[in-house]
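Student: Next one to model:
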Amino acid sequence: MTVWGALAGGVVGTIVLTSGLRVAQELGLTRMDIPLLLGTVFTDRRGRASVLGYAIHFANGLAFALAYYAVFRAVGHAGWLFGAALGFVHACLAGGALLTVLLPAVHPRMGTPWSDAEETPLLEAPGFMLLNYGRRTAIWTLVGHIVFGAIVGGFAAHLG
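Tutor: This is a model prediction of the structure:
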């Protein structure tokens, strides 16, 4: 088990997760666009926001891969199945707190449950488990994060 394996898994896992969510969006299975959500924290220009958002999402993927590695080291085990379990926890954290509570609290262009009709946010708040973007969004997000975790766990266990 190595940190380099976890980081390599983070690169591959982030590509798979981000691509999977993008495919789901293109197929009409979700309305969520994570790069746009993240990038519009910094700019209201859609093109620039998407580029920034992809960079932020990629950096977050590497940061989470390091967090997974810390858990692997703490318990003395890494693997595909354990990584998938951490991916489930990761999805619950992202959908239950990070994108639900924290992002709307700091995002200047996102509505919140407390926004009123006088305000005109550009983006709808994701809601618990991202359900404001459709029920299938929650499923795709959960599956994508489980796959991300499995990839990071597998790479961490087998590369090094």
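
Student: Which secondary structure elements does the longest helix belonging to the chain sit against?
Tutor: For the chain, the longest helix by residue count, based on DSSP state H, is helix 46-75. Other elements packing on helix 46-75 under the criterion 3 or more C-beta pairs under 8 Å, 6 or more residues apart in numbering; DSSP states H and E are helix 3-26, helix 34-39, helix 80-93, helix 135-158. For glycine as for every other residue, the C-beta is placed from the backbone atoms N, C-alpha and C.

Student: Include mean pLDDT when you put the ones you listed into JSON lines, please.
Tutor: Below are these laid out as JSON lines (pLDDT from 0 to 100):
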{"stretch": "helix 3-26", "mean pLDDT": "94"}
{"stretch": "helix 34-39", "mean pLDDT": "89"}
{"stretch": "helix 80-93", "mean pLDDT": "95"}
{"stretch": "helix 135-158", "mean pLDDT": "94"}
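
Student: Which among those helices is found nearest to Ala74?
Tutor: Between Ala74 and the helices and strands packed on helix 46-75, the shortest gap by C-beta to C-beta is with helix 80-93, which sits at 11.5 Å.

Student: Could you export that closest one as PDB, keeping only the C-alpha atoms?
Tutor: Extracted in PDB, the C-alpha atoms of helix 80-93 (Å, rounded to 0.1, in the frame of the first residue of the first chain):
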ATOM      1  CA  TRP A  80     -11.200  -2.600  -3.900                       C
ATOM      2  CA  LEU A  81     -14.000  -3.500  -1.600                       C
ATOM      3  CA  PHE A  82     -12.800  -1.400   1.300                       C
ATOM      4  CA  GLY A  83     -12.300   1.500  -1.100                       C
ATOM      5  CA  ALA A  84     -15.800   1.000  -2.400                       C
ATOM      6  CA  ALA A  85     -17.200   1.200   1.200                       C
ATOM      7  CA  LEU A  86     -15.200   4.400   1.700                       C
ATOM      8  CA  GLY A  87     -16.700   5.700  -1.600                       C
ATOM      9  CA  PHE A  88     -20.200   5.100  -0.200                       C
ATOM     10  CA  VAL A  89     -19.200   7.100   2.900                       C
ATOM     11  CA  HIS A  90     -17.700   9.800   0.600                       C
ATOM     12  CA  ALA A  91     -20.900  10.100  -1.400                       C
ATOM     13  CA  CYS A  92     -23.000  10.400   1.800                       C
ATOM     14  CA  LEU A  93     -20.600  13.200   3.000                       C
END
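
Student: in it, what counts as buried?
Tutor: Using 16 or more other C-beta atoms under 10 Å as the test for burial, helix 80-93 gives 80, 82-87, 90-91.
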